[in-house]
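> show me the folded form of this:
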Amino acid sequence: MAEKMVAMLFVAVLMLMAVDQVRSDASNHRYKEGDQVPLYANKVGPFHNPSETYRYYDLPFCLPDDLKEKSEALGEVLNGDRLVSAPYKLDFLRDKDSERVCKKTFTKEQVLQFRSAVKKDYYFQMFYDDLPIWGFLGMVDKEGKDPSDYKYYLFKHIHFDIFYNKDRVIEIYVRTDTNAVIDLTEDKEVDVEFYYAVKWKETNIPFEKRMDKYSQSSSLPHHLEIHWFSIINSCVTVLLLTGFLATILMRVLKNDFVKYADDEESAEDQEESGWKYIHGDVFRYPKYKSLFAAALGSGTQLFTLSFLCGGSTGLFIYAYCLYYYYARSEMSGFMQTSFFFGYMACICYGFFLMLGTGYEWFESCNYCSRCDFENYEAAFDTKLRSVLKLATDSELYELERILYGRSPYQVDERESLGLAEDLDERETYIAALESRFFFLAAVARSTLRGWRPYRDVLLAVRKELNVLFSSNLSTEDLEAEIFLHLAQEYSSCYFLEDWTFHHC
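Presented below is the predicted three-dimensional model:
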């Protein structure tokens, strides 16, 4: 029986010790008198530029006896905090009148460093029991009219006013003594002693509401004003301009539609004007299409970055990288979103490819992702090219008109080209037609069926390919069979593997 009583007493003592340990723990913010409450120094930076921050000890402050870095939580990492132990000891419920931190001698370089910080209104940030503290490093005396007459002072005495409720810290304020300063105006060595004072005061504010005063701001208090009038004015201006433009376009297009509907036959004999003049250029691919696709991909990536920077929790890993990049870390979210870059460029160039622009979309990927591709010959089916070579110059001009719409060349300019005489020019001309001819969509190719030489070209293709076709097939069926054969032959000759272009 005595052994059981001893065992029960031993267990009870262990439980009391465990409860006592839990009670005096920073994790639940409960302390007893004399307990050391954690105080961490975070960063310093100019007041008017909150995004420019530096580590606290980048300035030559007094160092604690045991300098340690806090194991940061995820939110602290995302906020760019770098918490290290501060040289001040603020024990729970222990007042201090004037405790010396350290005695130092500032060199000329350190004086210049602190003076530059004071001149830019540098502030410091600390955390006491997870409560943020802000304060200025010094002040500028601007009594003189000339900036060269200004005097710069560094505060050397800090007062901490801490409010508590029973066993918990509720609020903390920091004050600086304007009478205890160090003159940093001259470039010379300065001897200085830093002091601090602590005053504990009781409050009735519950622990659950201690963060309410910080809910409006997560950094040094600053003035934030939204210019609603400017925003509304801009929106109204955009709406009015859009309405005016839409009204003008509707009137112009309405007149054109009425004119074409009333006299469709006579319109065919007249030279087209107005918006229909460029109807054949709508799907004409631009110059420097690879560069255009790469630029579009870059813009898409930057847009994605700006979206993620807003705090999209669904794509946490990319926001994580962005916050690290913002906090001057070596980790960058830019490369993490590069696949948006290449994907949009490929989609854009794939559209141009369907219009017959060739294989340069691989180059666009190269611009975006810096991948190495083997040299390749951007040539289509040689049999189809040999068939197009059978066409006369006039047939090629007619084919160009059907494929591309109104040609940029005038009649006299066409005649001056002399395709029949200049073989190189003719090869280039045929290559452009060939790319468009092969990759046209089925609906667009239907416009070719009204071209008289088109069926002759298809029959010549059938002959060159040695494919058994019935000559009684309609132009549409003949076209479908030939293009299916060419597509199958093309896809079997070229394939992609590991981002490298190969030949059969």
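> give the rounded mean pLDDT of whichever strand or helix holds S298.
S298 belongs to helix 289-309 when assigned by DSSP states H and E. Mean pLDDT, helix 289-309: 69.
> what of stretch 98-106?
On average, stretch 98-106 scores 91.
> the closest residue to D167 other than its chain neighbours and E72, how far apart?
Excluding the flanking residues, the one nearest D167 by Cβ to Cβ, 6 or more residues apart in numbering is R30, at 4.9 Å. In short, each C-beta sits where N, CA and C put it, glycine included. To E72, R30 is 22 Å away according to Cβ to Cβ, to the nearest Å.
> next, the buried residues of stretch 201-220.
Going by neighbour count (16 or more other Cβ atoms under 10 Å), the buried part of stretch 201-220 is R210.
> convert the C-alpha atoms of stretch 67-82 to CSV, please.
Provided in CSV are the C-alpha atoms of stretch 67-82 (Å, rounded to 0.1, in the frame of the first residue of the first chain):
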residue,chain,number,x,y,z
LEU,A,67,23.0,35.9,-30.8
LYS,A,68,20.4,33.4,-32.1
GLU,A,69,18.1,33.3,-35.1
LYS,A,70,14.5,32.4,-34.4
SER,A,71,13.0,29.4,-36.2
GLU,A,72,10.5,31.2,-38.3
ALA,A,73,6.9,30.1,-39.1
LEU,A,74,5.6,30.0,-42.6
GLY,A,75,3.8,33.3,-42.3
GLU,A,76,7.0,35.0,-41.1
VAL,A,77,8.9,33.6,-44.0
LEU,A,78,6.3,34.8,-46.5
ASN,A,79,6.4,38.3,-44.9
GLY,A,80,10.2,38.5,-45.3
ASP,A,81,11.0,38.5,-41.6
ARG,A,82,14.5,37.6,-40.4
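> quickly find the element holding the nearest residue to D183 once chain neighbours are set aside.
Distances taken as Cβ to Cβ, 6+ apart put Y153 closest to D183, at 6.0 Å, once the chain neighbours are dropped. Using DSSP H and E, Y153 sits in strand 151-155.
> buried residues, that strand. List them.
Buried residues in strand 151-155, defined by neighbour count with 16+ other Cβ under 10 Å: 151-155.
> could the residues you listed go into CSV alongside pLDDT and distance to Q113?
Below are the buried residues of strand 151-155 laid out as CSV (pLDDT from 0 to 100; distance: Cβ to Cβ, whole Å):
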residue, pLDDT, distance to Q113
K151, 91, 17
Y152, 93, 12
Y153, 94, 15
L154, 94, 11
F155, 94, 16
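> okay, the spatially closest residue to K43 that is not a sequence neighbour: pLDDT?
The shortest distance from K43 to any non-neighbouring residue, by Cβ to Cβ, 6+ apart, is to T53 (4.4 Å). On pLDDT, T53 comes in at 89.
> any idea how far T242 is from D35?
According to Cβ to Cβ, D35 stands 65 Å off from T242.
> more crowded one of those two?
Just comparing D35 and T242: by other Cβ atoms under 10 Å the higher neighbour count belongs to D35, 16 against 10.
> pretty sure that one contacts F92?
Yes: D35 lies in contact with F92 (Cβ atoms under 8 Å); the separation is 4.6 Å.
> mind giving me the packing neighbours of the strand holding Y153?
Under the contact criterion of 3 or more Cβ pairs under 8 Å, 6 or more residues apart in numbering; DSSP states H and E, strand 151-155 touches helix 108-119, strand 138-141, strand 181-183.
> that one vs helix 108-119, what angle?
Put simply, strand 151-155 runs at 90 degrees to helix 108-119, going by axes from the mean of the first three to the mean of the last three Cα atoms, to 10 degrees.
> phi, psi of the residue nearest to P46 when sequence neighbours are not counted?
Nearest non-adjacent residue to P46, counting by Cβ to Cβ, 6+ apart: K120, 4.4 Å away. Torsion angles at K120 (phi, psi; degrees, to the nearest 10) stand at phi -90, psi 10.
> what lies in contact with stretch 39-57?
Here stretch 39-57 makes contact (Cβ atoms under 8 Å, 6 or more residues apart in numbering) with 58-59, 61, 63, 70, 80-86, 88-90, 117, 120-128, 136-137, 219-220, 222, 326.
> mark which of these are buried, thanks.
Of the members of these, the ones counted as buried by neighbours, 16+ other Cβ under 10 Å, are 59, 61, 70, 80-86, 88-90, 117, 120-128, 136-137.
> surely Y152 and K119 touch.
Yes: Y152 is within contact range of K119, at 6.3 Å (criterion: Cβ under 8 Å).
> give me the common contacts of the two.
V140.
> which strands or helices does the helix or strand that the strand holding Y153 is followed by pack on?
Proceeding N to C from strand 151-155, the next assigned helix or strand is strand 157-165, under DSSP H and E. Counting contacts by 3+ Cβ pairs under 8 Å, 6+ apart, strand 157-165 packs against strand 168-176, strand 190-202.
> buried residues in the next helix-or-strand element following the longest one, which are they?
Looking back up the chat, that one is strand 190-202. Next along the chain after strand 190-202, taking DSSP H and E as the criterion, comes helix 228-262. The neighbour-count check on helix 228-262 (16+ other Cβ under 10 Å) flags D256 as buried.
> could you give the mean pLDDT of helix 228-262?
Helix 228-262 shows a mean pLDDT of 83.
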